[in-house]
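**Q** test case, fold it:
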Amino acid sequence: MVTVSEAIQLITNNVKSSAKMEQRTLSSALDNVLAADVVSPISMPPFRQSAMDGYAICSHDSMEYTVVGEVAAGSQDHPHLNRGEAVRIFTGAAVPDTADRIVIQEKVNRQEDHILLEEAFRLGANIRPIGEQLHKGDPVMGAGMRITPAGIGLLAGVGVAEVTVATKPRVAIVVTGDELKAAGEPLNRGQIYESNGAMLAAVLSDKGYNDSQVLKAEDDLEVLTNTLQQALTEADVVLVSGGISVGDYDFVKTALNNLGVQQVFYKVKQKPGKPLLFGKKEQKLVFALPGNPASALSCFYVYVLLALRLWEGDKQASSRFQFAKIESNYHKKGDRAQFLKAKKGADNTVAILDGQASSMLQSFAAADALVFLDEEVSYVDQESLVPYLNIL
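**A** Have a look, this model is predicted:
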């Protein structure tokens, strides 16, 4: 059995970037990881640009100027200003070469084609110089960076239409359990509806991993082995739901061993999710998750998502804990670390929700955070800082 920190470190040490490269249009690249550096094909801005609405002036000794024209954003006009002349100009417009500052319109009194400045402005005021943000050839984003909406805007702003990204892993979800029935089918005594497959496919999609499939396996060693072999053949990452504990019908560990999956760790000193297995077969990753829904989902957020990010080559991949003040005192039972379903509040607070049992998803459906209490923690005072993971 390993600790939470040991499990995270073992995943970090054992998962290397296995993605291939592909070209994506910028419009389809959101949430992909760059596989190659992007350099700017232009300077940004590519011309001296007005930062404000006002008047571009060619300064002289007087506060009075003659207005000789107008330059709007996108205009091709390129007027030449003599000393004492000005043009009406708007935010984003190209500044005439001979203008040396822009006076904001709120500090100008205009009478017909003359303006009188209310105060002096410094040289270069309200003018964005060429390359203020980026010069041509400067790095825009580096390999290993995940493309966010802001990244899309940055890349589009310098004219990049296509990027080289890492492929996303194909994921197979293998659901075990003879007691499980599909939603919509009638239940017989002793049966329950299968939810983990749908839940895991949904959380994968929510995190940007849309190439997934769900396979169902009976509680039979031969059938399960064949299903896992299919999953390992067709996918890069295999998630197994259930069958990893120590019951008479829990065959997952044996089947994985028969298929040559190397066990990296089995069992984590945590609650929920103790019977978690992480293994590898060449470049393939395998997570055998507990069958209880809250346990499976907690393990996904803490461990599986980290592995998926590392597989893509995401250089910022980590289990990133943030800190917030707990809203009330909390007593932790037992000597295992705990991941607690929680809700973030105002003023950087977090509240532990009722319904922490590993089988309960109702509280998970209301949660947006997992509070982490390490194994040595037994009691937390109200308003103490506690680590948590964002899950939304």
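
**Q** was I right to think Glu383 contacts Lys325?
**A** Yes. Between Glu383 and Lys325 there is a contact at 4.6 Å, judged by CB atoms under 8 Å. In short, each C-beta sits where N, CA and C put it, glycine included.

**Q** let me see the contact set for the nearest residue in space to Ala183 that is not next to it in sequence.
**A** Nearest non-adjacent residue to Ala183, counting by CB to CB, 6 or more residues apart in numbering: Tyr193, 5.3 Å away. For Tyr193, the contact set (CB atoms under 8 Å, 6 or more residues apart in numbering) comprises 180-183, 187.

**Q** where does pLDDT dip in the stretch 151-300 of the chain?
**A** Where the stretch 151-300 of the chain drops to pLDDT under 70, the residues are 178, 246-249.

**Q** if you set the cut-off to 80 instead, what comes out?
**A** The model of the stretch 151-300 of the chain has pLDDT under 80 over residues 177-185, 188, 192-193, 243, 245-250.

**Q** quick one: the strands in it?
**A** Taking DSSP state E, counting those that start in this stretch as the criterion, the stretch 151-300 of the chain carries its strands at 162-166, 171-176, 180-181, 192-193, 212-217, 237-241, 262-266, 270-271, 277-281, 284-289.

**Q** need the ones you listed in a markdown table with distance to Ser50, can you?
**A** Output for those, formatted as a markdown table (distance: least, CB to CB, whole Å):
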| stretch | distance to Ser50 |
| --- | --- |
| strand 162-166 | 30 |
| strand 171-176 | 50 |
| strand 180-181 | 64 |
| strand 192-193 | 62 |
| strand 212-217 | 49 |
| strand 237-241 | 51 |
| strand 262-266 | 58 |
| strand 270-271 | 57 |
| strand 277-281 | 56 |
| strand 284-289 | 52 |
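
**Q** longest helix anywhere in the chain?
**A** Ranked by residue count, the top helix of the chain under DSSP state H comes out as helix 221-234.

**Q** out of the strands of the stretch 151-300 of the chain, which is the most enclosed?
**A** With neighbours taken as mean count of other CB atoms under 10 Å, the strands of the stretch 151-300 of the chain reach their highest mean count in strand 237-241, at a mean of 27.

**Q** partner strands of that strand, parallel or antiparallel?
**A** Its sheet considered, strand 237-241 pairs with strand 171-176 (parallel), strand 284-289 (parallel) by DSSP bridges.

**Q** show residues contacting the first one.
**A** It refers to strand 171-176. 194, 196-197, 200-201, 204, 209, 211-219, 224, 227-228, 230-232, 234-243, 251-252, 291, 308.

**Q** does Ala150 sit in a helix, a strand or a coil?
**A** Secondary structure, DSSP: H, G, I helix; E, B strand; the rest coil: Ala150 is helix.

**Q** count the neighbours of it for me.
**A** Using other CB atoms under 10 Å, Ala150 has 8 other residues around it.

**Q** where does it land on pLDDT?
**A** The score at Ala150 is 97. That number is its pLDDT.

**Q** need the contact list for it.
**A** With contacts defined as CB under 8 Å, 6+ apart, Ala150 has no neighbours.

**Q** could you measure from it over to Asp250?
**A** 46 Å (CB to CB, to the nearest Å).

**Q** quick one: the helices in the stretch 51-200 of the chain, in order.
**A** Assigned by DSSP state H, counting those that start in this stretch, the helices in the stretch 51-200 of the chain fall at 149-157, 196-206.

**Q** compare those helices and report which one is nearest to Cys58.
**A** The closest of the helices of the stretch 51-200 of the chain to Cys58 is helix 149-157. By CB to CB, the value is 29.6 Å.

**Q** and the closest one, what's buried?
**A** Across helix 149-157, burial judged by 16 or more other CB atoms under 10 Å covers 151-152, 154-155.

**Q** what's the answer for stretch 227-244, then?
**A** 227-228, 230-232, 235-244.

**Q** wait, which of these is closest to Met21?
**A** Asp236 (14.8 Å).

**Q** show me the contacts for the closest one.
**A** Asp236 makes contacts with 18, 169-171, 283-285, 311, as judged by CB under 8 Å, 6+ apart.

**Q** make CSV from those residues and add distance to Leu370 to it.
**A** Output for the contacts of Asp236, formatted as CSV (distance: CB to CB, whole Å):
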residue, distance to Leu370
Ser18, 27
Pro169, 23
Arg170, 27
Val171, 21
Gln283, 29
Lys284, 27
Leu285, 22
Trp311, 22
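
**Q** name the nearest residue to Asp138, ignoring sequence neighbours.
**A** Ser40 (5.1 Å).

**Q** what of Leu306?
**A** Using CB to CB, 6+ apart and skipping residues adjacent in sequence, the residue nearest Leu306 is Ser319, 5.3 Å away.

**Q** does that neighbour fall in a helix, a strand, or a coil region?
**A** Quick answer, by three-state DSSP: Ser319 is coil.

**Q** residues touching it, list them.
**A** Remark: with contacts taken as CB under 8 Å, 6+ apart, Ser319 is in contact with 8, 302-303, 306, 389.

**Q** distance check, it against Val304.
**A** As judged by CB to CB, Ser319 and Val304 stand 11 Å apart.

**Q** and Ala99, how many neighbours?
**A** 23.

**Q** actually Leu353, sorry about that
**A** Using other CB under 10 Å, Leu353 has 18 other residues around it.

**Q** might one say that the residue nearest to Asp138 is in contact with Gly157?
**A** No. Ser40 lies out of contact with Gly157 (CB under 8 Å); the separation is 9.3 Å.

**Q** which outside residues touch stretch 253-264?
**A** By CB under 8 Å, 6+ apart, stretch 253-264 touches 10-11, 14, 221, 224-225, 228-229, 232, 240, 244, 266, 277-281, 284, 286, 288.

**Q** ok, 6 Å please
**A** Residues outside stretch 253-264 that contact it (CB atoms under 6 Å, 6 or more residues apart in numbering): 10, 14, 224-225, 228-229, 278-281, 286.

**Q** which one of these sits closest to Arg110?
**A** Top of the list for closeness to Arg110, among the contacts of stretch 253-264 and by CB to CB, is Asn14 at 69.4 Å.
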